[in-house]
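Asker: how would this look folded up:
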Amino acid sequence: MKQLPLQNTSFRYLEQSFREWLDILGYAPITVYNLPNLIRELLHYMEQKRYNNIKDLSPQLVHEYYQHLKERSNQRRDGALSNGHLNKHIQALRKFAEYLRKVGRLQLPELPLENEEENQRLVWLTTDEIKDLFKASYIEHDYNFKESQEAFRARDRAMLAIFYGCGLRRNEGVNLDVPDINFDRSILHVRKGKGYKERFVPINKTSLKHLESYVYDYRPVLLKSKLEALFMSAYGKRMQGQSLSIRLKQLQDKTESIDLQEKEIGLHTLRHSIATHLLQAGMKLESISRFLGHNSLESTQIYTHLAGVAEPKPQAFANVPRYAHYEHA
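Answerer: Predicted coordinates for the structure are as follows:
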């Protein structure tokens, strides 16, 4: 909805002011990025209904707008908006109402909205969608730090290599340091796994290539101190999970796949995807469990449902490269 035009100058100001308010209060970067984009659709709706002053916003108008959301078609795929996406709109509306109250613009009563029930399921990407993400990392983008564009794109590919190719959890990837990667042995040392457990993860050839390119050729461009963090921000600091998630979202938005753009994905989606692909390729459940660092097979068993297959037979894995079969051309 960030592409919707706003003709009303005061509405454009409100959107930007809301964004700055969220940022000042310390909300996560992805929240600061997403909520004002969702509110833009509300303000656009008000314009279309000839409401040109924020004081025209009332609980009844919010209710009418929400009914419009529930009935309008999905612009990226067939059907209506998912319950999960509707809940994001509800979150944005509640927070926007709080913002209006706190800054003294409008004393809007509590909004008559209840969260929609969601079907809890894990989202995973197809191998073609993973390829689309890699392809998107080669597309130029209007970064604030134009001299570092190549470094950012190389960092994006390293991010995909870590969270998809190596199947790491979000915090495991965030805490990675360069010395944790043994390039000679193609092994990654996870020192801070879940429950403080350590493990070694094999790195496939393509992931290794992307990591070598980033670490040796592009990471020095971002380095401003002796910090050993693998993922460096434009300011020379260790990137946090929210910042990496935003980078993944931006890659998703640059792909040409409508289906992929519509999916609600995060860093953990990449982990779910590699586990599902390995199972589909024939890897034994026990091997996938060790690869992911699960404490028990029960945790890994969910991927048999995602993949739609029973636990594979050992011989089915004979021709699949160890731990990761995806090779990006």
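
Asker: what number of residues lie near Lys284?
Answerer: 16 (other CB atoms under 10 Å). All C-beta atoms are positioned from the backbone trio N, CA, C, and that covers glycine.

Asker: what's the pLDDT at it?
Answerer: On the pLDDT scale, Lys284 is placed at 91.

Asker: now do the one 4 residues further on
Answerer: Predicted confidence (pLDDT) for Ile288: 94.

Asker: Repeat that for Lys226.
Answerer: 89.

Asker: With His294 instead?
Answerer: Reported pLDDT for His294: 89.

Asker: Where does it sit: helix, strand or coil?
Answerer: coil (DSSP: H, G, I helix; E, B strand; the rest coil).

Asker: That one: what's its closest spatial neighbour, skipping adjacent residues?
Answerer: Thr300 (5.1 Å; CB to CB, 6 or more residues apart in numbering).

Asker: How about Leu6?
Answerer: Per CB to CB, 6+ apart, closest to Leu6 is Arg12, 4.9 Å.

Asker: And the one you found, its phi and psi?
Answerer: In terms of degrees, to the nearest 10, the main-chain angles of Arg12 are phi -60, psi -40.

Asker: wait, what's in contact with Leu22?
Answerer: Thr31, Val32, Leu35, Pro36, Lys95, Tyr99 (CB atoms under 8 Å, 6 or more residues apart in numbering).

Asker: what about it, distance to Leu113?
Answerer: 19 Å (CB to CB, to the nearest Å).

Asker: now the strands for the protein?
Answerer: Here the chain has its strands, by DSSP state E, at 181-182, 187-190, 199-202.

Asker: Are there helices or strands packed against the last one, and which ones?
Answerer: Counting contacts by 3 or more CB pairs under 8 Å, 6 or more residues apart in numbering; DSSP states H and E, strand 199-202 packs against strand 187-190, helix 285-292.

Asker: Output these as a markdown table; include the columns distance to Met232 and mean neighbour count.
Answerer: Output for the helices and strands packed on strand 199-202, formatted as a markdown table (distance: least, CB to CB, whole Å; neighbours: other CB atoms under 10 Å):
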| stretch | distance to Met232 | mean neighbour count |
| --- | --- | --- |
| strand 187-190 | 17 | 18 |
| helix 285-292 | 26 | 19 |
